[in-house]
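Asks: Kindly generate the corresponding structure for this input.
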Amino acid sequence: MIPYGRQDICQADIDAVVTVLKSDFLTQGPVLAQFEQAIAKYCNVDYAVATSNATASLHLACLALEVSKGDIVWTSPISFVASSNCALYCDASIDFVDVEFDTGLMCVNALKKKLIEAKLQNKLPKVIIPVHLAGQSCDMATIADLAKEFDFKIIEDASHAIGAKYQESAIGNCQYSDICVFSFHPVKIITTAEGGIATTNQPSLAKKIKLLSSHGITRSPEDMTEESHGSWYYQQIALGFNYRMSELHAALGLSQLNRLDEFVNQRNVVAKRYTEKLAKQPLTHLKQYDDRYSSYHLFIIQLDNSKQHAKVFEQLKQAGIGVNIHYIPIHLQPYYKNLGFEAGDFPNAEKYYQQSITLPLHPNLTIKEQDFIVSCLKNII
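Replies: Numbering: from 1, shown residues only. So this is what the prediction gives:
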């Protein structure tokens, strides 16, 4: 089976992990800080806080922005459920903004219309979470302008998009957001096996995310409620979680970061070749904007005929091609239907789902494998 995504682990990655295994620290050591600093430098952002996974980062980002009961958070229905679950973890209400059919990205026109209606109803969101689907950034400048007008905070769910650019600047620099979150799951651009990170330019947010990622415990005397009892002393000053990233995971990520640009470049090469090979077929691929450079975490096609969707998917699977769907609209999941959402709420997202298939794309996908995928797809269609 040709997988839709796969990690690329080299000897340098293995050596980096083995070095940590032989060191004094397997967790809470110096390598984690090095990894955080390296990500911050790459993204040209002031702070980066690594976590056990991107879901944890999204949860902590909501908590850092004080999302709580009575608040409303909006995100995209075309995403993994973590993009919306993070708000529910904070006892907030969740809602969605429909997407552009041809990109799967949050539609800024739909967002503005929904904000105007919400203001009239006194139901404006506290936080909006745009999702950079497949590695392409949302229109962050427009969303940031709307944030100023309607007074909401922004968390970028850039789980797919490390190494991508928006208006020639690195995703993760938080020029247009309060916090940005990346994922390092094995199928993502670079991996820490499991892991995530939150970037921000606001020291108070970075400090709070760091605190809450480790049980809400501090060893800094300046943050304590009384004078320290000694060098052993710590205080729990908030209700936090064990969302820390280990030294092993950080070592792998630090090593992988050395090849990030190489990975993204190769993903773009594969995507360009797909685009050329499939140009005359009854399908399209996700539209790419000129002011954005995608990291191409995914290569998603949209069939012209939605009635072929299931047949094409299943026959590609039978041919040994690990296609996937990104994503089933979140609002159609049973849990979310129980919250009151129903089919028809976000028509572009539902149409997108009915026509989209993710083809295999990763740096080690060979030309032979790609030609086989293209040939099978053409024959099936």
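Asks: tell me the domain ranges of this protein?
Replies: Under the assignment automatic domain parsing, the domains of the chain span 11-257, 260-380.
Asks: Can you tell me which of those domains is nearest to residue 1?
Replies: Taking CB to CB as the criterion, domain 260-380 is the member of the domains of the chain that comes nearest to residue 1, at 5.0 Å. All C-beta atoms are positioned from the backbone trio N, CA, C, and that covers glycine.
Asks: start to end distance for the closest one?
Replies: Across domain 260-380, the terminal residues are separated by 35 Å (CA to CA, to the nearest Å).
Asks: chain center to it: distance?
Replies: Chain-centre distance of domain 260-380: 17 Å, with CA atoms, centre = their mean, to the nearest Å.
Asks: now do stretch 10-22
Replies: With CA atoms, centre = their mean, you get 26 Å for stretch 10-22.
Asks: so of the domains of the chain, which one's packed in deepest?
Replies: domain 11-257 (a mean of 20; mean count of other CB atoms under 10 Å).
Asks: Please confirm that residue 300 is located within a helix.
Replies: No. Per DSSP: H, G, I helix; E, B strand; the rest coil, residue 300 lies outside any helix segment and is strand.
Asks: where does it land on pLDDT?
Replies: pLDDT, residue 300: 98.
Asks: go on, residue 275?
Replies: 98.
Asks: what's near enough to touch the nearest residue to it once chain neighbours are set aside?
Replies: Spatial nearest neighbour of residue 275, chain neighbours left out: residue 285 (5.9 Å); criterion: CB to CB, 6 or more residues apart in numbering. For residue 285, the contact set (CB atoms under 8 Å, 6 or more residues apart in numbering) comprises 271, 274, 275, 278, 299, 300, 301, 302.
Asks: how about the fifth one, what does it touch?
Replies: Residue 299 sits next to 134, 270, 271, 274, 285, 358, 359, 360, 361 when contact means CB under 8 Å, 6+ apart.
Asks: redo that, cut-off 10 Å
Replies: By CB atoms under 10 Å, 6 or more residues apart in numbering, the contact list for residue 299 reads 4, 134-135, 267, 270-271, 273-275, 278, 285-286, 357-362, 365, 370, 373.
Asks: Kindly provide the distance from it to residue 360.
Replies: Separation of residue 299 from residue 360 (CB to CB, to the nearest Å): 8 Å.
Asks: Likewise for the third one?
Replies: Counting by CB to CB, the gap between residue 275 and residue 360 amounts to 15 Å.
Asks: Reduced to three states, what does the residue nearest to the spatial centre of the chain come out as?
Replies: Here the mean C-alpha position of the chain is nearest to the C-alpha of residue 159 (CA atoms, centre = their mean), at a distance of 1.6 Å. Taking three-state DSSP as the rule, one finds residue 159 in the coil state.
Asks: roughly how far apart are it and residue 380?
Replies: The gap separating residue 159 from residue 380 is 30 Å, by CB to CB.
Asks: Next, the contact list for the residue of the chain most remote from its centre, please.
Replies: Among the C-alpha atoms of the chain, the one most distant from their mean position (CA atoms, centre = their mean) is that of residue 229, at 41.8 Å. Residue 229 makes contact with residue 235, according to CB under 10 Å, 6+ apart.
Asks: quick revisit: could you dump the contacts of residue 285 to a markdown table with distance to residue 219?
Replies: Shown next, in a markdown table, are those (distance: CB to CB, whole Å):
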| residue | distance to residue 219 |
| --- | --- |
| 271 | 46 |
| 274 | 51 |
| 275 | 52 |
| 278 | 56 |
| 299 | 46 |
| 300 | 46 |
| 301 | 51 |
| 302 | 52 |
